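Student: Sequence and computational prediction follow.
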Amino acid sequence: MSKKFSDLGINNALTHALADFQIMVPTDIQEKTIPVVLKKKEDVVALAKTGTGKTAAFGLPLLQLIDTSNAQIQAVILTPTRELGQQIGKNLEAFTKYSPEISIATVCGGIPIKPQIERLQSPTHIVVATPGRLADLVKRNAVDISSITYFILDEADEMVSALKEGLDAIIKEIPKSRRTLLFTATMPGTIKQLIQNYMSKHVVHIEVDMSTLGHQGINHQYVVVEPIEKLDVLLHFLNARLGQRGIIFCKTKAAVNKLGKNLAINKFSSGSLHGSLSQGIRDRIMGQFREGHIDILVATDLAARGLDVKEVAYVVNYHLPDTYDAYVHRSGRTARAGAKGLAITILQQEEVIDIADFEDELGIHFSEIKKADAQSIEENKIILWAKKIFKTKPNRNISEHLRKEVRTMFHHLTKEELIEKILAKQIAETSLSHAKSEGERPKKKKL
């Protein structure tokens, strides 16, 4: 029989809040971590793939351990990105629905620092932060973390590589006697070094079934295309999944911008996300995606880290990631909370050899699927063309004389006849354009 959160030692106020959000049964990482954090004193290193419920695994016991009679900051939670920090902050606020005496502040980069300084002047028990912003606040003497009891590193593998300077500055400010809880999806050498340098010798190691759990429910596929076909194959895939939510990952910001523009031209409900965008734009795009106002997010790996967006049906690797870890985090955006999902990678022939390495390293299996045939691709182009017409706004500046002339020309045609003629014209023009692009000359008609 499945355990309940109360069986793990979580108090009534927190379990009541969880029940309000229909969170009733702990995940594997939660079941293994919560009792250790609550009942033991040692540092903890928890290894679990993204999407397994790590926030509640450390958040619930941490909230229960807070001494509300003490107005000082007792815990710092560090995250690699502002988006993840805000998400953790919101989750903790939700968990404290019936524990209003616990005060949580989220302070991340990319937004004005002054309101955060003002917020920290009020009693605060838990600070959720990105390393750079917290280090800045410490430097300004705007926050006192010298007496914290708990130090939590979430998605630690990302922080030790990209944000090490801020992390080192913070570790110098916190007491050596604190308890450190480290959560990571991978265990590179930099993480092992951090554990050795900054954590106690007696560390409790927690690990879920890494060979399968992080990929449960994900169907891993790849399709091989010629470079010139790549966009058309993607558009065919997307058109077959209209109304579903998905994320397309590209390697570079330039590629994100280019693909995002192509999706917009073809009238897909989409938005683009990368690190060069202002924080305000990033927040707006992520908000639109979370709330279902746009269906497709085109992003660099910035969006792969720890973001929990419900009902992401598929992930597309428009470019194969450079590292195994990046693939784990990308594919982990789908199949969240026990759902099913698809991770499809679009490859060129010379990249197929890399698939076996990803399978061996990650313990997963990729299925090859065949790309859409030429006829399906051409038909999809016609459908996209029709969608562009359907979504084109009327031009109110056209003169009434011109409108009248065109109406007179078409007035004797039925709707069906007009559609047939327009469709035939478009197909003829598309075929001619395709023939020219292939280096063929259309045959001359006999007189």
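Tutor: Cool, got the structure.
Student: Can you read off the pLDDT for Val406?
Tutor: What the model reports for Val406 is a pLDDT of 91.
Student: State the distance from it to Lys310.
Tutor: According to CB to CB, to the nearest Å, Val406 stands 47 Å off from Lys310. C-betas here are computed from N, CA, C, even on glycine.
Student: could you pull out the helices for the stretch 101-250 of the chain?
Tutor: Remark: helices assigned in the stretch 101-250 of the chain by DSSP state H, counting those that start in this stretch are 114-119, 131-139, 156-162, 164-173, 189-198, 230-239.
Student: How far off centre is the first one?
Tutor: Yep, that's helix 114-119 we're talking about. Average the C-alpha atoms of helix 114-119, do the same for its chain, and the two points are 28 Å apart (CA atoms, centre = their mean, to the nearest Å).
Student: before we move on, what about stretch 421-430?
Tutor: The chain centroid and the centroid of stretch 421-430 are separated by 40 Å, computed with CA atoms, centre = their mean.
Student: How about residues contacting it?
Tutor: Stretch 421-430 has contacts (CB atoms under 8 Å, 6 or more residues apart in numbering) with 378, 381-382, 385, 413.
Student: mean confidence for it?
Tutor: For stretch 421-430, the mean pLDDT works out to 86.
Student: same thing with stretch 169-187?
Tutor: Stretch 169-187 comes out at a mean pLDDT of 90.
Student: Determine how far the last residue of that stretch lies from the first.
Tutor: Start-to-end span of stretch 169-187 (CA to CA, to the nearest Å) is 22 Å.
Student: which secondary element of the protein has the worst mean pLDDT?
Tutor: Ranked by mean pLDDT, DSSP states H and E, the helix or strand of the chain with the weakest confidence is helix 156-162, at a mean of 72.
Student: who does it touch, helix- and strand-wise?
Tutor: strand 179-184, helix 189-198 (3 or more CB pairs under 8 Å, 6 or more residues apart in numbering; DSSP states H and E).
Student: residue boundaries of the helices in the stretch 251-400 of the chain?
Tutor: All helices of the stretch 251-400 of the chain, identified by DSSP H, counting those that start in this stretch, fall at 253-265, 279-290, 324-331, 355-362, 374-390, 400-410.
Student: thinking again about what came up before, nearest to Cys108, of the helices of the stretch 101-250 of the chain?
Tutor: Ranking the helices of the stretch 101-250 of the chain by distance to Cys108, with CB to CB as the measure, places helix 131-139 first at 5.4 Å.
Student: now the closest one: how far from the chain's centre is it?
Tutor: Helix 131-139 sits 25 Å away from the centroid of its parent chain (CA atoms, centre = their mean).
Student: And for stretch 329-342?
Tutor: Taking mean C-alpha positions (CA atoms, centre = their mean), stretch 329-342 and its chain are 10 Å apart.
Student: Return it as PDB; C-alpha atoms alone will do.
Tutor: Listed next in PDB are the C-alpha coordinates belonging to stretch 329-342 (Å, rounded to 0.1, in the frame of the first residue of the first chain):
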ATOM      1  CA  HIS A 329      16.900  18.000 -18.700                       C
ATOM      2  CA  ARG A 330      15.300  18.700 -22.100                       C
ATOM      3  CA  SER A 331      13.300  15.500 -22.300                       C
ATOM      4  CA  GLY A 332      12.300  15.900 -18.600                       C
ATOM      5  CA  ARG A 333      10.000  18.800 -19.600                       C
ATOM      6  CA  THR A 334       7.500  16.200 -20.800                       C
ATOM      7  CA  ALA A 335       5.900  13.200 -18.900                       C
ATOM      8  CA  ARG A 336       5.700  15.200 -15.700                       C
ATOM      9  CA  ALA A 337       3.800  13.900 -12.700                       C
ATOM     10  CA  GLY A 338       3.200  10.500 -14.100                       C
ATOM     11  CA  ALA A 339       1.900  11.600 -17.500                       C
ATOM     12  CA  LYS A 340       3.100  10.300 -20.900                       C
ATOM     13  CA  GLY A 341       5.200  12.300 -23.300                       C
ATOM     14  CA  LEU A 342       7.200  12.200 -26.500                       C
END
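Student: tally of neighbours for the residue lying closest to Asn219 once chain neighbours are set aside?
Tutor: Residue nearest to Asn219 in three dimensions, not counting chain neighbours: Leu342, with 5.0 Å by CB to CB, 6 or more residues apart in numbering. For Leu342, the tally of surrounding residues (other CB atoms under 10 Å) stands at 21.
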